[in-house]
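# From the sequence below, what's the structure:
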Amino acid sequence: MARMIEPGVWEHVPSPFCGIGSDDLTIRVQGERVEVLENGDAVTKAGFEQPLGDLRPQLRGQPCSLQEAAAHAAEILKRAELPLVAGLATDVAGMRAALQLAERLGAVVDGMGSEAALRNLLAFQDSGWMTATLSEVRNRADLFVALGVDLEAWSPRFSERHLEADGMFADAASREVVYLGKPPSGSGLKTGKLQVIECAEQDLPEVVAGLRALVNGQPLALNAIGGVAIAELSALAEKLQKARYGVIAWAASALNWPHAELTVQMTCELIKDLNRSTRCVGLPLGGKEGDQTATQVCAWLTGFPTRVRFSRGFPEYDPYLYATERLLARGEVDALLWISAYNCDRLPPPSQVPTIVLGRCGMRFAKAPEVYIPVGVPGIDHAGHTYRMDNVVAIRLPKLREVGLLSVAQVLAIIYQLLE
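You can find the predicted model right below:
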């Protein structure tokens, strides 16, 4: 648990900015300035150390009071026939408040990470999967396959914390790590055995299908598939079959091609095939900027992931009809409430509808929204909870500084009261 060890210096601080929820940061707070002293990386330092911008709410780009901004936001939402509550980059309390408001308005709810998450959800909904936690990976994995993802770019400390650390039943020196598809952007691994099998992004579906065929003893009458030699792919299939505890990891956001959910499903079926004779699990990488939190809370309260509509008096799920980009492009919603508390670069998508932004302080817009209310960052400006990528741990976030910013949940509560 995070604690202050001397005035202004905190240790064991968790990061709400990375999917793995690193909880060993040492941070100094001096007034409004936050500095990562130990165990930071490019992702966490950028998240914690962003300078504070103008704290004042804005109406069409002009400073105003919080009460004026909230009242104008409530008026926009009252007039809307079908509003869209989107972005959803917030903590557990913020997401609960967003869903409460959406139910009151009969709105559509969609997260900024939903398009990528859908590639996993479609496979999971259709045929299920077998996955592991981060602790199980560190403690048990003797073979780790990174499928189409550069682990170092996705999370700079993933390898350090989960592949280069000794576990209860596996030691880092003998652990094998294979990059299949995209090579690592750096050294890839400081300890253990590293292999890189490169192929183009568009060839990865074919390569995964070929790997599954080889695992199941189906010969391939080819010298290569997707630019990968069959002999090299056969050797990987054999490694997976002989591993005591194999892990295949992928990041849905990196599988950016049409029907990528089929590649996720092929990977999940490959994992099931391997479990007939050994142990193998999947590790879907995600969880940045609250996307897992949004999915988790929405599932608790509605029974569905995001892309839910409340206008018929009950939660109605449709992963295609209720996509943010589609709704805005076709003019099917008439107001947008965008929530982005972690990253001031995650701006609302361009649209012609009145837009309300509850965003991190310091956002800059090409076109000023109708309402912009700067909100506090969970884990910096207020306490809260967020879910890391494996969904089994709700990380407790501390409050590190006081600059007078309200949380997303608090601002939404004010707007909700003004709807009455």
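# Mind jotting down where the strands sit in the stretch 51-200 of the chain?
Secondary structure of the stretch 51-200 of the chain by DSSP state E, counting those that start in this stretch: the strands cover 58-59, 62-63, 83-89, 108-111, 143-147, 176-181, 193-198.
# Residue 128: which of those is closest?
Distances from residue 128 to each of the strands of the stretch 51-200 of the chain were compared using C-beta to C-beta; the shortest belongs to strand 143-147, at 18.3 Å. (Each C-beta comes from the backbone N, C-alpha and C, glycine too.)
# Domain map for the chain?
If you go by automatic domain parsing, the domain ranges for the chain are 3-48, 54-114+289-418, 131-274.
# Determine which stretch of these is the most buried.
Per-residue neighbour counts averaged over each of the domains of the chain give the maximum for domain 54-114+289-418, namely a mean of 20 (mean count of other C-beta atoms under 10 Å).
# Span of that domain from start to end?
Its first and final residues considered, domain 54-114+289-418 spans 25 Å by C-alpha to C-alpha, to the nearest Å.
# Stretch 239-255 too?
24 Å.
# chain center to that stretch, what's the gap?
The gap between the average C-alpha position of stretch 239-255 and the chain average comes to 19 Å, counting by C-alpha atoms, centre = their mean, to the nearest Å.
# Report the mean confidence score over that stretch.
Predicted confidence along stretch 239-255 averages 96 (mean pLDDT).
# ditto for stretch 399-409
Model confidence over stretch 399-409 averages 97 on the pLDDT scale.
# Straight-line length of it, end to end?
15 Å.
# for the nearest residue to residue 335 once chain neighbours are set aside, what are its contacts?
Of all residues not flanking residue 335 in the chain, residue 80 sits nearest, at 3.6 Å (C-beta to C-beta, 6 or more residues apart in numbering). Residues counted as contacts of residue 80 (C-beta atoms under 8 Å, 6 or more residues apart in numbering) are 105, 333, 334, 335, 354.
# Could you do residue 96 as well?
Taking C-beta under 8 Å, 6+ apart as the definition of contact, the neighbours of residue 96 are 297, 301, 409.
# can you rerun that using 10 Å?
Taking C-beta atoms under 10 Å, 6 or more residues apart in numbering as the contact definition, residue 96 lies against 90, 297, 298, 300, 301, 409, 412.
# how near is it to residue 109?
Plainly put, residue 96 is 12 Å away from residue 109 if you go by C-beta to C-beta, to the nearest Å.
# so what sits against both of those two?
residue 298.
# Can you pull the phi and psi angles for residue 396?
Dihedral pair for residue 396: phi -90, psi 120, per degrees, to the nearest 10.
# cool, residue 2 as well?
Torsion angles at residue 2 (phi, psi; degrees, to the nearest 10) stand at phi -60, psi 140.
# so where's the chain shaky on pLDDT?
Judged against pLDDT under 70, the low-scoring parts of the chain cover residues 188.
# can you tell me the helix or strand for residue 411?
When elements are defined using DSSP states H and E, residue 411 is found to belong to helix 408-418.
# That helix - contacts with which helices or strands?
Helix 408-418 is packed against helix 66-79, strand 83-89, helix 92-105, strand 335-340, strand 355-360, strand 371-375, with contacts defined by 3 or more C-beta pairs under 10 Å, 6 or more residues apart in numbering; DSSP states H and E.
# so which of the domains of the chain gets nearest residue 283?
Closest to residue 283 of those, according to C-beta to C-beta: domain 131-274, at 3.9 Å.
# just so I have it, where are all the helices in the stretch 251-400 of the chain?
Shown for the stretch 251-400 of the chain, the helices assigned by DSSP state H, counting those that start in this stretch span residues 261-274, 291-302, 324-329.
# and the closest residue in space to residue 305 that isn't next to it in sequence, what is it in contact with?
Spatial nearest neighbour of residue 305, excluding adjacent residues (C-beta to C-beta, 6+ apart): residue 295 at 4.8 Å. Residues near residue 295 by C-beta under 10 Å, 6+ apart: 88, 95, 111, 113-114, 117, 120-121, 286-287, 304-306, 387, 391.
# hang on, the earlier thing: turn the helices of the stretch 251-400 of the chain into JSON lines, including distance to residue 169.
Converted to JSON lines, those look like this (distance: least, C-beta to C-beta, whole Å):
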{"stretch": "helix 261-274", "distance to residue 169": "18"}
{"stretch": "helix 291-302", "distance to residue 169": "27"}
{"stretch": "helix 324-329", "distance to residue 169": "43"}
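# Nearest approach to residue 253 belongs to which of those helices?
Relative to residue 253, the nearest member of the helices of the stretch 251-400 of the chain by C-beta to C-beta is helix 291-302, separated by 9.2 Å.
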